[in-house]
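Asker: fold the stuff below for me.
(one chain, ligands or ions: 1)
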Amino acid sequence: MFLAMDTQDKIELLSEASQYDLACACGTGGKDRRHRGVDGRWLYPVPVARGGQGIMLKSLLGNECVNDCRYCPFRAGSDVRRVVIQPEEMAHAFMEYDRREDLIGLFLSSGVMRDPDYTMARLNETARILRQRYRYRGYIHLKVIPGASDAAIEDALSLASAVSVNIEVPGEAHCRRLSTRKDYLNDIIRPMKLISRLTARGAKYAGVCQTTQFVVGAASETDAEIVRYTGGLYKRLGLDRAYFSAYQRGLGEAELASANLPPGKDPLLREHRLYQVDFLLRRYGFDDQEIPFEPDGSLALDRDPKQAWAERHPEFFPVRLSTAPREGLLRVPGLGPTSVTRILASRKEGRVRDLREVGVRGKRLLKASAYVAAE
Ligand code: SF4
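Answerer: Numbering: from 1, shown residues only. Here you go, the predicted model:
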């Protein structure tokens with residue numbers, strides 16, 4: 001049933017509906033992780049490049065969908081209120097919000113209305129109105145709808161700052177378990193490869209970022225499978241970021257297997273461990289093949305993945321503070337890129353004997369001290 005609603009009501013509903021999609025610059029760790037507010041709603045702080053956090057308007061253009069992804073509350077046939085907003089209406093509303101709130105950008109997604117290219121045309125039209133009529137030069141992230149044509153994708157790339165196709169699961173077999181309508185290779189992998197070619201260094205849309213998202217725990221996928229796929233996407237497709245969204249029990253089909261975790265374990269902790277691995281791949285020089293897993297393919301929940309790696313590689317330690325290269329220092333539990341940069345800078349002025357000299361304190365100091373030597 002479609003409801004007559006004013007624009008504000010529609011955006012409120014569609015914006016709430018977009019909470020399941022994290023494939024933008026949403027927080028990934030510590031205080032900037034998503035969490036529930038006092039009213040039980042999910043909160044998504046967005047880190048801003050210049051520091052601090054900003055507000056991005058995240059919304060769907062419509063929550064009706066012809067697909068049947070079993071984990072999704074908006075799948076065809078599910079009993080939810082269906083709402084659609086027109087491109088013109090969304091663009092105008094966004095500019096109004098932007099004037100009042102100083103937004104850092106727009107994240108626009110949608111259910112698959114009618115067919116992929118019909119939906120893409122509406123997403124692209126919204127961005128076109130913003131770029132051409134309102135001369136908006138800020139950040140626009142457009143979702144690429146599974147199954148979109150090459151022409152529709154190229155149109156999106158000509159308008160957006162970033163695009164994302166949600167891969168959702170690591171591999172075709174898992175995809176078949178979750179949807180009878182999505183063709184993993186043609187609808188998801190083909191668009192990702194096309195975007196990768198068109199945004200590669202020197203290509204026509206080289207400045208546009210590509211991200212993706214895995215839904216974690218809806219299929220019987222293991223962390224090891226997700227990590228291998230993530231590593232492959234970084235190495236082979238030059239993906240900018242992968243995001244992980246813990247499947248929220250109760251949103252999908254009633255009979256859908258519960259999150260792939262022992263009862264009582266927090267699915268958000270699994271999501272958090274995957275983000276920690278993602279950092280190891282992108283910023284610490286780890287290869288996906290080096291990430292340690294439990295015998296069942298899961299990441300340890302009781303320790304972070306760098307700690308788990310260090311415990312399995314005693315031959316690598318102690319790392320010498322005065323001589324170790326950057327990549328060696330980055331393997332030390334408790335040391336991050338900032339501390340390592342400080343150690344390297346301090347070494348130019350003299351020997352570093354103690355991690356406290358470079359600002360490492362508290363639990364991180366305790367952790368790292370067991371793995372380093374001054375000489
Ligand atoms: S394509 Fe799948 S995940 Fe996306 S809105 Fe439709 S049913 Fe939900």
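Asker: SS state for the closest residue to the ligand within the stretch 101-250 of the chain?
Answerer: For the stretch 101-250 of the chain, the residue positioned closest to the ligand under Cβ to the nearest ligand atom is residue 111, at a distance of 3.8 Å. Just so you know, the C-beta spots here come from the backbone N, C-alpha and C atoms, and that holds for glycine as well. Under DSSP: H, G, I helix; E, B strand; the rest coil, residue 111 falls in the coil class.
Asker: same check on the one 10 residues further on?
Answerer: Three-state assignment for residue 121 (three-state DSSP): helix.
Asker: close enough to count as contact, it and residue 152?
Answerer: Yes. The criterion here is Cβ atoms under 8 Å, and residue 121 meets it with residue 152 at 6.9 Å.
Asker: of those two, give the one with the bigger neighbour count.
Answerer: residue 152 (21 against 17; other Cβ atoms under 10 Å).
Asker: before we move on, which element is that one in?
Answerer: helix 150-159 (DSSP states H and E).
Asker: packing partners for the longest helix along the chain?
Answerer: Ranked by number of residues, the top helix in the chain under DSSP state H is helix 267-283. Contact here means 3 or more Cβ pairs under 8 Å, 6 or more residues apart in numbering; DSSP states H and E; on that basis helix 267-283 packs against strand 209-216, helix 223-237, strand 241-246, helix 305-312.
Asker: any chance of the ones you listed in TSV, plus distance to residue 96?
Answerer: TSV is the format used below for these (distance: least, Cβ to Cβ, whole Å):
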stretch	distance to residue 96
strand 209-216	26
helix 223-237	37
strand 241-246	28
helix 305-312	44
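Asker: weakest of these by average pLDDT?
Answerer: Sorting those by mean pLDDT places strand 241-246 lowest, at a mean of 90.
Asker: leaving out chain neighbours, which residue sits closest to the residue of the stretch 101-250 of the chain closest to the ligand?
Answerer: residue 65 (3.2 Å; Cβ to Cβ, 6 or more residues apart in numbering).
Asker: that neighbour: what's it in contact with?
Answerer: 72, 74, 75, 76, 111, 112, 113 (Cβ atoms under 8 Å, 6 or more residues apart in numbering).
Asker: which stretches in this protein count as helices?
Answerer: For the chain, the helices defined by DSSP H occupy 7-17, 87-101, 116-128, 150-159, 172-178, 190-198, 223-237, 267-283, 305-312, 326-329, 337-347, 362-369.
Asker: thank you kindly, that will do.
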